[in-house]
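Chemist: sequence? don't have it. structure:
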C-alpha cells in the first residue's frame, strides 16, 4: 500500500511559479510510475504529466508542455511538479498518483494523494 502526500500548493499571481511535491511512503518508490493530475471546479480530471520509474520517459499534456516539468527523487521517495508561467486557467486541485505501470487519462492509477489547491490570480 502506497501513501502519497502532496504539498506546495497555494496562491500565486499569473506568470508566477510554484513547485509541488509529493512524498510517498509504504512501498518501493522506484517500482512506480508517478504522475500529476488536476481537477478544476466543474471540469473533468486532467492528466498533466507522468514520469517513468527511472525518469527516462516523461509525458506532458499539451496544456502544460513547456511550462511544467515533472521530476523524481527515488532516494527521497518524492516526485515534483515545477510549474512556471502560471495562468488563471491553471487554478485547480492538483493530485499526485502512482501506478506499477504506465497510466493515462483512461488507465486510472492505483494510488492517489489527497490533493493540494493551486490558485492563480489574474
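Modeler: Noted; the coordinates are in hand. Note that the structure is a prediction, hence the values are computed from the model and not measured.
Chemist: what's the spacing between residue 105 and residue 94?
Modeler: From residue 105 across to residue 94, the span is 15 Å (CB to CB, to the nearest Å). (Glycine included, C-beta is placed from N, CA and C.)
Chemist: Which one's more surrounded, those two?
Modeler: residue 94 (23 against 11; other CB atoms under 10 Å).
Chemist: Tell me the residue in this protein that is farthest from the middle.
Modeler: For the chain, the C-alpha farthest from the mean C-alpha position belongs to residue 122; by CA atoms, centre = their mean, that distance is 22.5 Å.
Chemist: what's near enough to touch it?
Modeler: Listed by CB atoms under 8 Å, 6 or more residues apart in numbering, the contact partners of residue 122 are 14, 88.
Chemist: Identify the residues contacting the residue lying closest to residue 51 once chain neighbours are set aside.
Modeler: Spatially, and ignoring its direct neighbours in sequence, residue 51 is nearest to residue 70 (4.7 Å; CB to CB, 6 or more residues apart in numbering). Applying CB under 8 Å, 6+ apart, we find residue 70 in contact with 34, 35, 36, 49, 50, 51, 58, 60, 79, 80, 81, 82.
Chemist: what does the model give the last one for pLDDT?
Modeler: By that I understand residue 82. On the pLDDT scale, residue 82 is placed at 98.
Chemist: my read: it touches residue 36, true?
Modeler: No: using CB atoms under 8 Å, residue 82 is not in contact with residue 36, being 10.7 Å away.
Chemist: Now for those two: what residues contact both?
Modeler: Both residue 82 and residue 36 are contacted by 68, 70, under the criterion CB under 8 Å, 6+ apart.
Chemist: Compare those two (neighbour count), which wins?
Modeler: Legend: neighbour count by other CB under 10 Å for residue 82 and residue 36, higher for residue 36 (27 against 14).
Chemist: which regions of the protein sit below the pLDDT cut-off?
Modeler: The model of the chain has no residue with pLDDT under 70.
Chemist: which residues does the most centrally placed residue in it contact?
Modeler: By CA atoms, centre = their mean, the mean C-alpha position of the chain lies nearest to residue 36, the distance being 2.3 Å. Each residue near residue 36 by CB under 8 Å, 6+ apart is listed here: 20, 22, 47-50, 68, 70, 79, 81, 94-97.
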